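*Asks:* One predicted model, sequence on top.
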Amino acid sequence: WKALTTPRLAQASQERKGLADSPQSKPICWLASTAEEIVQHRAAAAVSRMARIRLISVGSRGDLQPYLAILLELQRRGHQVSLIGSVNFQAVAEAHALPFVPLPGDFTSLLSSEAGLALMQGKPVRLISDALLGELLETARAAMEGTDLLLVSPLCLWGYHLAEAAGCPLVVLSPMPIMATGDFPFLGFPASPTSRNGGSTRHRIRRRLNRSSYRLVSLLKWRQDARVIQAFRRDRLGLQPLPWGGAQSRRTPPAHLVDPPVLHLISPQVLPHPADWKASASLTGFCFLEPRTAAGAILPTPYSPDRELSAFLEGGPAPFYAGFGSMISRDPEALAAAVVEAAQLAGVRLILSPGWGRVVPRAALPADVFLLEECPHSWLFPRVQAAIHHGGAGTTATTLRCGIPSTVVAFFADQPAWGRTLEQLGVSPATHRLSSLSAEALAASIRALAGEPRFRQRARELQQLLAREDGVACTASAIEARLAGMG
């Protein structure tokens with residue numbers, strides 16, 4: 001295994017520095033950059049023992065989607081996998097016959113609570129209470145027996161303590177950049193054109209502050225949860241307490257938890273690999289739950305629309321799509337009214353998806369607006385002109401995969417950053433904030449998307465580049481490399 005991967009890892013490190021921005025570059029993966037190499041790594045992994053792999057994740061369906069694809073790929077390769085996740089994941093897990101352990105805390109209810117609504121307004125509130133955190137830890141602990149490898153999402157980094165007690169390695173899977181870099185601060189991606197260049201004192205200070213922002217966020221989160229976690233380590237896991245600064249302040253962490261890999265589920269065509277990332281950080285590509293042939297070719301999404309949707313799509317020019325996923329607004333009717341008015345002002349047809357937040361106007365919908373409850377984005381997006389969405393990592397990736405431009409109405413967290421990323425890529429005219437959204441401003445973005453071919457042309461260029469990548473295969477191979485390395 002080492003003979004196979006070590007030369008490739010060194011080469012990939014050099015390729016990432018110079019090829020990530022090039023339209024002609026190969027698909028970049030920290031283990032492989034061609035389909036043939038992916039097959040070779042799969043064969044190499046097959047000689048190692050199959051593992052019992054657990055994944056802990058909480059959140060919405062969109063949060064689960066890439067992790068579900070990764071688990072199914074690992075299962076296909078012969079590993080025993082299980083999902084330890086929010087109770088609202090249960091139906092999806094059962095539909096895919098994945099072993100599932102439900103965690104307390106239904107995120108449908110949490111996001112619609114007063115704390116959840118405040119969080120989506122960008123206010124610094126705590127969604128998971130001490131009591132709920134204790135329940136999450138206890139429930140997940142009971143499901144850890146026999147675990148060979150633990151995968152965690154950024155919202156479940158408390159899994160570190162379970163991995164320490166179980167003596168198993170840990171891999172972090174993140175849909176957004178969380179490894180410290182001087183290129184941009186936490187949630188401040190993408191990098192500006194001048195962030196990597198310049199030797200002035202001011203430039204060096206800015207890069208140092210950018211890097212420090214990641215440590216500060218980690219410290220603040222740790223101090224928020226420290227009392228519950230320290231007690232749980234002592235009373236339930238039999239572990240020594242951590243320093244005041246948490247795991248990042250440990251001088252000698254356990255051998256199996258030294259620099260756990262952080263696999264960013266992002267295409268290097270969208271976010272170039274920061275040169276100052278630690279060696280344990282990688283970009284493995286977007287991970288989609290999509291059917292593929294044995295050779296890796298993407299197959300059409302198996303979906304049959306009802307007669308009403310088919311009639312609407314065929315009854316005029318390609319519409320715009322508007323949907324905000326699991327986001328919940330304090331005034332969903334006002335948001336829906338603004339979106340519908342913007343579409344009317346711009347003179348475009350619209351498909352409106354209510355989502356968890358029930359974004360539906362009080363007034364009757366115009367004839368050129370279609371209300372759509374459920375439909376796979378991967379089937380729908382190729383049939384629309386462009387999308388208006390909240391800027392979630394998964395929805396953003398799907399617009400790029402489907403080759404359509406979009407504009408973001410950001411609620412909170414990483415959503416404004418994904419909106420800026422789309423602008424920098426040349427597939428979006430503007431990013432809007434929910435708190436200051438107006439129908440007129442959104443209509444201006446819709447007009448630009450409908451009337452300026454450059455946005456759709458650039459989206460199609462990126463679609464062709466992303467079609468050459470297989471983020472699920474790359475991520476699974478990186479996870480198997482971690483298993484092989486610990487073997």
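*Replies:* Okay, I see it.
*Asks:* show me what contacts residue 435?
*Replies:* 121-122 (C-beta atoms under 8 Å, 6 or more residues apart in numbering). Quick note: C-beta positions are derived from backbone N, CA and C, even for glycine.
*Asks:* what ranges do the strands span in this structure?
*Replies:* 52-57, 80-86, 100-103, 149-152, 170-174, 262-264, 281-283, 320-323, 350-353, 369-371, 387-389, 406-410, 431-433 (DSSP state E).
*Asks:* now for these, which one comes closest to residue 203?
*Replies:* When these are compared by C-beta to C-beta, strand 281-283 sits nearest residue 203, at 22.5 Å.
*Asks:* could you dump the strands of the chain to a markdown table with mean pLDDT?
*Replies:* Listed next are the strands of the chain as a markdown table, based on pLDDT from 0 to 100:
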| stretch | mean pLDDT |
| --- | --- |
| strand 52-57 | 98 |
| strand 80-86 | 97 |
| strand 100-103 | 98 |
| strand 149-152 | 98 |
| strand 170-174 | 98 |
| strand 262-264 | 98 |
| strand 281-283 | 98 |
| strand 320-323 | 98 |
| strand 350-353 | 98 |
| strand 369-371 | 98 |
| strand 387-389 | 98 |
| strand 406-410 | 98 |
| strand 431-433 | 98 |
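*Asks:* now those strands in CSV, with distance to residue 292 and mean neighbour count?
*Replies:* Supplementary listing: these in CSV, determined by distance: least, C-beta to C-beta, whole Å; neighbours: other C-beta atoms under 10 Å:
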stretch, distance to residue 292, mean neighbour count
strand 52-57, 21, 24
strand 80-86, 18, 23
strand 100-103, 24, 20
strand 149-152, 21, 26
strand 170-174, 20, 22
strand 262-264, 20, 23
strand 281-283, 20, 25
strand 320-323, 24, 26
strand 350-353, 26, 22
strand 369-371, 30, 19
strand 387-389, 24, 26
strand 406-410, 24, 28
strand 431-433, 32, 19
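*Asks:* you'd agree residue 284 is up against residue 264?
*Replies:* Yes: applying C-beta atoms under 8 Å, one finds residue 284 in contact with residue 264, separated by 6.9 Å.
*Asks:* Among the strands of the chain, which comes closest to residue 66?
*Replies:* Once these are compared by C-beta to C-beta, strand 170-174 is nearest, at 7.5 Å.
*Asks:* Tell me which strands the closest one pairs with, and in which orientation.
*Replies:* strand 149-152 (parallel), strand 262-264 (parallel) (DSSP bridges).
*Asks:* Out of those, which is closest to residue 188?
*Replies:* That would be strand 262-264 among these, by C-beta to C-beta, at 15.3 Å.
*Asks:* Outside of that closest one itself, list whatever touches it.
*Replies:* Looking at what lies outside strand 262-264 - C-beta under 8 Å, 6+ apart - the contacts are 171-179, 271, 280-284, 475, 478-479.
*Asks:* Okay, helices next: where are they in the stretch 351-487 of the chain?
*Replies:* 377-380, 393-401, 415-425, 439-451, 453-467, 471-486 (DSSP state H, counting those that start in this stretch).
*Asks:* Which positions in the longest helix anywhere in the chain come out as buried?
*Replies:* Identified as the longest helix of the chain according to DSSP state H is helix 201-232. For helix 201-232, the neighbour count (16 or more other C-beta atoms under 10 Å) marks 206-207, 210-211, 213-214, 218-219, 222, 225-226, 228-230, 232 as buried.
*Asks:* circling back to that earlier point, output the strands of the chain in CSV, with distance to residue 446 appended to each entry.
*Replies:* Converted to CSV, the strands of the chain look like this (distance: least, C-beta to C-beta, whole Å):
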stretch, distance to residue 446
strand 52-57, 34
strand 80-86, 34
strand 100-103, 40
strand 149-152, 39
strand 170-174, 32
strand 262-264, 31
strand 281-283, 32
strand 320-323, 6
strand 350-353, 9
strand 369-371, 13
strand 387-389, 7
strand 406-410, 7
strand 431-433, 11
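*Asks:* Ok, which of the ones you listed comes nearest residue 335?
*Replies:* That would be strand 406-410 among the strands of the chain, by C-beta to C-beta, at 8.0 Å.
*Asks:* List the residues that contact residue 66.
*Replies:* Residue 66 neighbours (C-beta under 8 Å, 6+ apart): 173, 175, 265, 286-289, 394, 471.
*Asks:* Please report the distance of it from residue 232.
*Replies:* 28 Å (C-beta to C-beta, to the nearest Å).
*Asks:* Please apply the same query to residue 244.
*Replies:* Counting by C-beta to C-beta, the gap from residue 244 to residue 232 is 17 Å.
*Asks:* Contact partners for the spatially most central residue of the chain?
*Replies:* The C-alpha lying nearest the average C-alpha coordinate of the chain belongs to residue 175 (C-alpha atoms, centre = their mean; 2.7 Å). Shown in contact with residue 175 (C-beta under 8 Å, 6+ apart): 63, 66, 154, 264-266, 393-394, 397.
*Asks:* So which of the residues you listed is the closest to residue 360?
*Replies:* residue 394 (22.5 Å).
*Asks:* Now stretch 399-408 - C-alpha only, PDB.
*Replies:* The C-alpha atoms that make up stretch 399-408 are tabulated as PDB, following Å, rounded to 0.1, in the frame of the first residue of the first chain:
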ATOM      1  CA  THR A 399     -26.200  23.800  -9.100                       C
ATOM      2  CA  LEU A 400     -22.600  23.600 -10.300                       C
ATOM      3  CA  ARG A 401     -22.900  19.900 -11.000                       C
ATOM      4  CA  CYS A 402     -26.000  20.500 -13.100                       C
ATOM      5  CA  GLY A 403     -24.400  23.500 -15.000                       C
ATOM      6  CA  ILE A 404     -26.900  26.200 -14.000                       C
ATOM      7  CA  PRO A 405     -26.100  29.700 -12.600                       C
ATOM      8  CA  SER A 406     -27.700  30.900  -9.400                       C
ATOM      9  CA  THR A 407     -28.100  33.700  -6.900                       C
ATOM     10  CA  VAL A 408     -28.000  33.200  -3.100                       C
END
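*Asks:* Off-centre distance for it?
*Replies:* Put simply, stretch 399-408 sits 15 Å off its chain's centre (C-alpha atoms, centre = their mean, to the nearest Å).
*Asks:* cool, and stretch 97-106?
*Replies:* 19 Å.
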